[in-house]
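> Based on what follows, work out the 3D shape:
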Amino acid sequence: RIDEARMIALNAQVELDGMSFAEAARRFVAGQIAPTAHDRQSFAQRLFAADFGRLALQHVLLVFGSLLIAVIVGVPLGIVAWRWPRGAGVLLGTVGLLQTVPSLALLAFLIALVGGIGLLPAVLALFLYALLPIVRNTHAGLAGVSRGLADAALSLGLTRRQCLRHVQLPLATPTLMAGVKTAAVINVGTATLAAFIGAGGFGERIVAGLAVNDSDAMLAGALPAAALALLVQWVFDVAERLLVRTPRQA
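Numbers count the residues shown, from 1 in each chain. All right, here's what the predicted structure looks like:
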């Protein structure tokens, strides 16, 4: 009979040490259950283990790949909502509705939609979650630009498209960037769930820790994800200050 402690030890050999199920079973039958390699490591060694670089790269690609798509789609949608106020409520409401869908439920739906697990449904889910702050802040930023400035630009001979490109969008940029920052920070946290469907990232450690009830393994995934979120927020804060300062100096 296998008790809970032995079962956790066997799972740890598979999940954390990469041992095959057959080898773990053979060692159990032979009475050779030994501490896993992770048990013999300090927390710092587990935190900066050999897989750290790979997981960090996967996490960054998940976050910024989906964020790039969200910016490409979300900014034009925000402009559309601002140009046609009658449809703004429906558009913003629809995008906002996506935020209310639980993460795992959205992943399950997208897996069924694309017909498989992995990177594609994870990026699609993160893209959908990133849309709301980008669309909303683009709309709010443009709506906050003085109508008098636009009228002055039009009176100087600019077309409406030129006015949008050279006057209104630059003035709305700080608000727009705040939305992009919010979306990026949200995605860093949400991207940890991508590991449940085989998309990688720091969530892999969290999933492995959950499987074997190992709090250190979970922390080794959660702490880098939290640090990445703080780093992303700091980078966007610096970028926002530079964007605000540049027009003033000009």
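> Give me the helices and strands touching the host helix or strand of residue 139, please.
Assigned by DSSP states H and E, residue 139 belongs to helix 119-143. When contacts are defined as 3 or more CB pairs under 8 Å, 6 or more residues apart in numbering; DSSP states H and E, helix 119-143 packs onto helix 52-83, helix 85-99, helix 103-114, helix 169-190. C-beta here means a position set from N, CA and C on the backbone, and glycine is covered the same way.
> could you give the angle of the longest one to helix 119-143?
Here helix 52-83 points in a direction 40 degrees away from that of helix 119-143 (axes from the mean of the first three to the mean of the last three CA atoms, to 10 degrees).
> On the three-state scheme, residue 201 is what?
coil (DSSP: H, G, I helix; E, B strand; the rest coil).
> Quick one: mean pLDDT over the longest helix seen in the chain.
Longest helix in the chain by number of residues (criterion: DSSP state H): helix 215-249. Helix 215-249 comes out with an average pLDDT of 86.
> out of the helices and strands packed on helix 119-143, deepest packed?
Among these, the stretch with the highest mean neighbour count (mean count of other CB atoms under 10 Å) is helix 169-190, at a mean of 21.
> what's the domain layout of this protein?
Domain ranges of the chain: 1-40, 50-249, per automatic domain parsing.
> end to end, how far does stretch 112-121 reach?
Using CA to CA, to the nearest Å, the end-to-end distance of stretch 112-121 comes to 9 Å.
> Contacts for it next, please.
62, 107, 110, 111, 124, 197, 198, 199, 200 (CB atoms under 8 Å, 6 or more residues apart in numbering).
> and the fifth one, how many neighbours?
What it means is residue 124. Counted by other CB atoms under 10 Å, the residues lying close to residue 124 total 19.
> That one is in contact with residue 110, isn't it?
Yes - between residue 124 and residue 110 there is a contact under CB atoms under 8 Å: 5.2 Å.
> quick one: least confident helix or strand in this protein?
Lowest on mean pLDDT, DSSP states H and E among the helices and strands of the chain sits helix 4-15, with a mean of 62.
> So the closest residue to residue 232 other than its chain neighbours versus residue 161, what's the distance?
Leaving aside its sequence neighbours, residue 232 sits nearest to residue 184 (CB to CB, 6 or more residues apart in numbering; 5.0 Å). For residue 184, the distance to residue 161 (CB to CB, to the nearest Å) stands at 28 Å.
> list the contacts for the residue nearest to the spatial centre of the chain?
Geometric centre of the chain, nearest residue: residue 187, 2.0 Å, by CA atoms, centre = their mean. By CB under 8 Å, 6+ apart, the contact list for residue 187 reads 62, 63, 66, 67, 126, 129, 130.
> The same query, at a cut-off of 7 Å, please.
63, 66, 67, 126, 129, 130 (CB atoms under 7 Å, 6 or more residues apart in numbering).
> for residue 145, phi and psi?
Main-chain dihedrals, residue 145, degrees, to the nearest 10: phi -80, psi 130.
> Look up how far residue 128 lies from it.
Taking CB to CB, one finds residue 145 at 28 Å from residue 128.
> Check residue 236 too.
As judged by CB to CB, residue 236 and residue 128 stand 20 Å apart.
> Likewise for residue 233?
Here the criterion is CB to CB. By it, residue 233 lies 21 Å from residue 128.
> okay, these two: which has more neighbours?
The residue with more neighbours, out of residue 233 and residue 128, is residue 128; 19 against 15, by other CB under 10 Å.
> my read: that one touches residue 99, true?
No - using CB atoms under 7 Å, residue 128 makes no contact with residue 99, being 8.6 Å away.
> Under the pLDDT cut-off, which ranges of the protein? List them.
Per-residue confidence for the chain (pLDDT under 70) gives these ranges: 1-18, 20-21, 24-40, 244-250.
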